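> Need a 3D model of the sequence below.
(2 chains)
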Amino acid sequence: MWRFIVRRTALALVIIFFGAFIIYGVMRCLPTSFVESMARQRAAASSTTGGKSYQEWLAELNEAYHMNDNVVTGYLNWLGGVLKGDFGVSWKYGIPVTQKFSQVIWYSVVLNTITLILEVLICIPLGIQAARHQYSGFDYGITVFAMLCISLPTFFLATLLKFAFSVKLNWFDLYGIVGRYHEQLSASGKIWDMVSHMVLPTLTLTMLSVGGLTRYTRTNMLEVLNADYIRTARAKGLSERVVINRHAFRNTLIPLVSYMSYLVPAMFSGSMITETLYQIPGIGYISYDAMVAGDLPFTMFYSVFLLSLTQLSLMLADIMYAVVDPRVRVN
Amino acid sequence: MSENNRINNDTEQLALDDGRRVKVLSPGMMVFKRFIRNKLAIAGIIILVFMFAFSFLGGVISPYRQDQVFYKTDSANKEYASAVVNTEFRFLTPDGAPLSTLVRANFSRVVKDAGEEGVSFEADGTIWSVKPLAESFYAIGTGKQLGTVTVLGKIADVKADPGEEISDAVKAAALKAAQSGAESFEAEGQTYMLTRGKAKSYTLATVAEAALASLLSYDVYDSADAEAVGTYAFRRAAELALRGGEKRFEADGAAYALDGEGDSGVICREGEDAPIATVSNVIVNPVTAGNFLPMTYKAAVAEAIDNKQTAFEYVNEAGETEKHTIRMRGNNYIVYTEQQTYLIDMYAAPSLSHPLGTDDHGMDVLTRLMYGGRISLMVGFVVMLLENLIGIIVGGVSGYFGGWTDTLLMRFVDLFNSIPYYPMMIIAGAIMDAFEVPPYTRIFLLMAIMGIMGWTGVARVVRGQILSLREQDFMVATEATGIRISRRIFKHLVPNVMPLLIVQATMGLGSIILAEATLSYLGLGIKYPLASWGSIINASSNIYVMTNFWYIWIPAGVLIVLTVLGFNFVGDGLRDAFDPKMKR
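Numbering: from 1, shown residues only, chains lettered A, B, ... in the order given. As a prediction, the model looks like this:
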């Protein structure tokens, strides 16, 4: 077990190293980088006082941001800083990347945790019911509903929800995490304000993720229900409730847990598209803005963060498998 | 007979070939039968057939091109002309020579003070008299000194200057005028003027008209008439007639007819209908420089202002009736007119010619949807083929050879798999934006990047299947018969993975279409003027469009959902059909 974890961790580090290098290389392809626009701004600002010209600023900023190095040295430079725990200062937000990250991450965590809880509460009962009544009208209904949820594009669902609830019914605001008069509200009012702004994003994320988990639960439940030991349990004369809850459901937990271990990292990686559409200042939206602006330090940080989470979830899935299913031996 | 019977029996027993054969379906036929029994799969097929017909035939049938911009004419009340009522006097001398500034200034001052009465002033060493001829119409006369009139109580005397002669009648009139205090008088058909000098003495002078002061301006229709209209006599006679309310006047030996009264009128030669000039106290100028205003239009504006109308109708040169309205702004009158403007037909509501209206570029939404469908479906298929091509090669090689090849390739797959998809696509989109890649090239680049980012799943599936297949007997047989390795992999192993790959590819098509639509929605995928379903919905990121023009973005969204749903239904159906043990 420990040997496995050590080997897996070593592999994960190699993958993160090369993955980050690929993203660094692609980021460096951006020609009109943030540095150029910054140089232009500064040159314009200092032109009246007879300060440095655009070229001088550009040279100076390129020097300061190590943009003159080639890709490999630039990457190693960046990596050197990271190993010392220094991810640099975000070009777009002007504060250390890690500081910005700790400011915004909790929006994403809250949003995705609520979504995950809702998802589990909805999907597992629905999936089990659909499996119990296979080929019934209810089963077909669930299948079509799940398929529909999988097929919905995030942006279209979000726009439809905004159109219905914000524009037509006027229940929620279109954008943002706080309302216009947030500062004037009482403490409980502030919390309520933020909660009401979270409703539509949560609804969107939940609807999008419900389909997959429902179908997965149903498929696994069907497999278990056709197993011999279920027939034995029924033959013993156990009540249907006991058969389903104790014998069948417990066995579906194994694949479900591995599936869920992929969902947990998603809680922290944020839901980029949804956050961007609702302008929830979580890690997804903030990173989207940084990426589009060509903010190298922030993008690199976010990418490494995602790479690490993916590796972690893969490891977690393997380990969880062993924990849940005593037959599985990791090695 | 019996023989025949026996033979018949024999033939009956032997005829097993067709009639009595147990019907065994080929594996492909069985898959097909199971597939068409699945209602959802059939629904998916119907949806997809519709989508393909809509996208690929629709573009042919549609009468419009995808980048055809539609225009409309709209009428708007625009400022057309400005008019001002003239309050500055214009001067005309018989010989056309300009009047000195000093005289003009003195004239204006005197007229302002004295109003309608005749007065005189001195300027440039000459005596000038002002004589009202009509309302706001003055004759300015210059005096020529004849003598002096002295009045001492009851005694008055008129003394002629050397070289001048004054008739008795004039003398008598002058004395009378001097005693009564009048400044001018007429005698023997000539106007005389008395200007008060020192003490009780007056200067007696004859007056000759030297200039006309008028508020009216003349516009000539034909430049050939300009000379006749510009003469002193014409102007004098015309304005007197206009102010006096007469219908005809004579000047320079010609007779003219005048239509109008008060401040404006139209002048014709007597006996002719065609007007030669208009006269008015209103000056009309076009609002936009270079816009020529016809004479008749100016006359119509002047007439409307004189009559204190706020709206009037004008028949233009093309014979159309235009409606104009007049509004005051400061001291000016602004004339507004309904003008036809030719503009892009943006956000047109659904109609027969545009069943789903037009978008923000004035393009037909339905046609854009058809062409957008072509691109969305094409991108889906090309990316899917690309993913499978790379995936089958890498997965096949990796699974067949195993060992360090497998380890190396699979680590490579792990690496690609862990690169976050959307961040990478967003950065790629931003790079393509920065290099200003042309729209068509952009599609190919987008497809290539999506293919490169998505092949790892296929490689994993192929490798996993091949790992278990290569141990089977038929592979030992291929090895024994000495078939080439590439042939063993791609002819014997890969076809066995095909059913699974087809199912995965069908389901994958849906998610590729979703990814492309999302990127296009964010403005990082397919770009204008090319259409894609995602970029059509992008219009809804403008709240104004989202709230007011549902017909632009909702149909595109419904098409995306239906297409992805169709692929998912078919994929699901195929999986059931290929592997009946595996329940949905």
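
> Chain B contacts on the stretch 101-250 of chain A?
Neighbours of chain B within the stretch 101-250 of chain A, by Cβ under 8 Å from any Cβ of the partner chain: A:134, A:140, A:143-144, A:147-148, A:150-156, A:159-160, A:162-163, A:167, A:174, A:218-219, A:222-223, A:226. C-beta coordinates here come from the backbone N, C-alpha and C atoms, glycine included.

> if you set the cut-off to 7 Å instead, what comes out?
Contact residues, the stretch 101-250 of chain A versus chain B (Cβ under 7 Å from any Cβ of the partner chain): A:143, A:147-148, A:150-156, A:159, A:163, A:167, A:174, A:219, A:222.

> Filter the residues you listed down to the buried ones.
Under a neighbour-count criterion of 16 or more other Cβ atoms under 10 Å in any protein chain shown, the subset of those counted as buried comprises A:143, A:147-148, A:150-156, A:159, A:163, A:174, A:219, A:222.

> among these, which two are most distant?
A:174 and A:222 (41.9 Å; Cβ to Cβ).

> Looking at the residues of the stretch 101-250 of chain A next to chain B, which gets the smallest pLDDT?
By pLDDT, residue A:174 ranks lowest within those, coming in at 81.

> I'd like to know which of the residues of the stretch 101-250 of chain A next to chain B is nearest to residue A:273.
Ranked by distance to residue A:273 (Cβ to Cβ), those are led by residue A:154 at 4.6 Å.

> element containing the closest residue to the closest one other than its chain neighbours, please.
Beyond its immediate neighbours in the sequence, the residue positioned closest to residue A:154 (Cβ to Cβ, 6 or more residues apart in numbering or on different chains) is residue A:273, lying 4.6 Å away. Following DSSP states H and E, the helix or strand that holds residue A:273 is helix A:272-278.

> pull the CA atoms of that helix into PDB?
Backbone C-alpha positions of helix A:272-278 (Å, rounded to 0.1, in the frame of the first residue of the first chain) are rendered in PDB as follows:
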ATOM      1  CA  MET A 272     -15.400  27.700 -14.700                       C
ATOM      2  CA  ILE A 273     -18.100  28.100 -17.300                       C
ATOM      3  CA  THR A 274     -21.000  28.400 -14.800                       C
ATOM      4  CA  GLU A 275     -19.100  30.900 -12.600                       C
ATOM      5  CA  THR A 276     -18.200  33.000 -15.600                       C
ATOM      6  CA  LEU A 277     -21.800  33.000 -16.800                       C
ATOM      7  CA  TYR A 278     -23.100  34.200 -13.500                       C
END
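
> What residues sit buried inside that helix?
Across helix A:272-278, burial judged by 16+ other Cβ under 10 Å covers A:272-278.

> Give the other helices and strands that the helix or strand following that helix contacts.
Scanning forward in sequence from helix A:272-278, with DSSP H and E defining helices and strands, the next element found is helix A:283-293. Contacts of helix A:283-293 with other secondary structure elements, assessed using 3 or more Cβ pairs under 7 Å, 6 or more residues apart in numbering or on different chains; DSSP states H and E, are made with helix A:97-132, helix A:272-278, helix A:296-324, helix B:421-434.

> So which elements touch the shortest one?
Other helices and strands packing on helix A:272-278, by 3+ Cβ pairs under 7 Å, 6+ apart, are helix A:154-161, helix A:187-225, helix A:283-293.

> got CSV for those, with distance to residue B:522 too?
CSV is the format used below for the helices and strands packed on helix A:272-278 (distance: least, Cβ to Cβ, whole Å):
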stretch, distance to residue B:522
helix A:154-161, 8
helix A:187-225, 16
helix A:283-293, 8
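
> just so I know, which of these lies nearest residue A:303?
For residue A:303, the closest of the helices and strands packed on helix A:272-278 is helix A:283-293, at 8.8 Å, according to Cβ to Cβ.

> who's in contact with the closest one?
By Cβ atoms under 7 Å, 6 or more residues apart in numbering or on different chains, the residues outside helix A:283-293 that reach it are A:34, A:90, A:92, A:100-101, A:104-105, A:108, A:270-272, A:275-276, A:279, A:298-299, A:302, B:423, B:426-427, B:430.

> what's the answer for stretch B:282-291, then?
Contacting residues not belonging to stretch B:282-291 are listed as B:79-86, B:217, B:264, B:293, B:298, B:301-302, B:305 [Cβ under 7 Å, 6+ apart].

> In terms of secondary structure, what does the strand or helix carrying residue B:237 contact?
Residue B:237 is part of helix B:232-244, with elements assigned from DSSP H and E. Counting contacts by 3+ Cβ pairs under 7 Å, 6+ apart, helix B:232-244 packs against strand B:126-134, strand B:201-214, strand B:248-251, strand B:254-261.

> What is the burial count for the residue nearest to residue B:426 when sequence neighbours are not counted?
What sits nearest to residue B:426 in space, not counting adjacent residues and going by Cβ to Cβ, 6+ apart, is residue A:291, at 5.1 Å. Other residues within reach of residue A:291 by the criterion other Cβ atoms under 10 Å in any protein chain shown amount to 25.

> just to revisit the earlier point, residue B:69 is nearest to which of the helices and strands packed on helix A:272-278?
Each of these was checked against residue B:69 via Cβ to Cβ, and the shortest separation belongs to helix A:154-161, namely 25.3 Å.

> what's the angle between that closest one and helix A:187-225?
Using axes from the mean of the first three to the mean of the last three Cα atoms, to 10 degrees, the direction of helix A:154-161 lies 120 degrees away from that of helix A:187-225.

> quick one: contacts of helix A:154-161?
Surrounding helix A:154-161, the residues in contact under the criterion Cβ under 7 Å, 6+ apart are A:200, A:203-204, A:207-208, A:273-274, A:277-278, B:518, B:521, B:537, B:540, B:546, B:553, B:557, B:560-561.

> what about burial for those, which qualify?
A:200, A:203-204, A:207-208, A:273-274, A:277-278, B:518, B:521, B:537, B:540, B:546, B:553, B:557, B:560-561.

> So which bits of the helix or strand that residue B:451 is a member of are buried?
Using DSSP H and E, residue B:451 maps to helix B:439-454. Of the residues in helix B:439-454, those with enough neighbours to count as buried (16+ other Cβ under 10 Å) are B:442-443, B:445-447, B:449-454.
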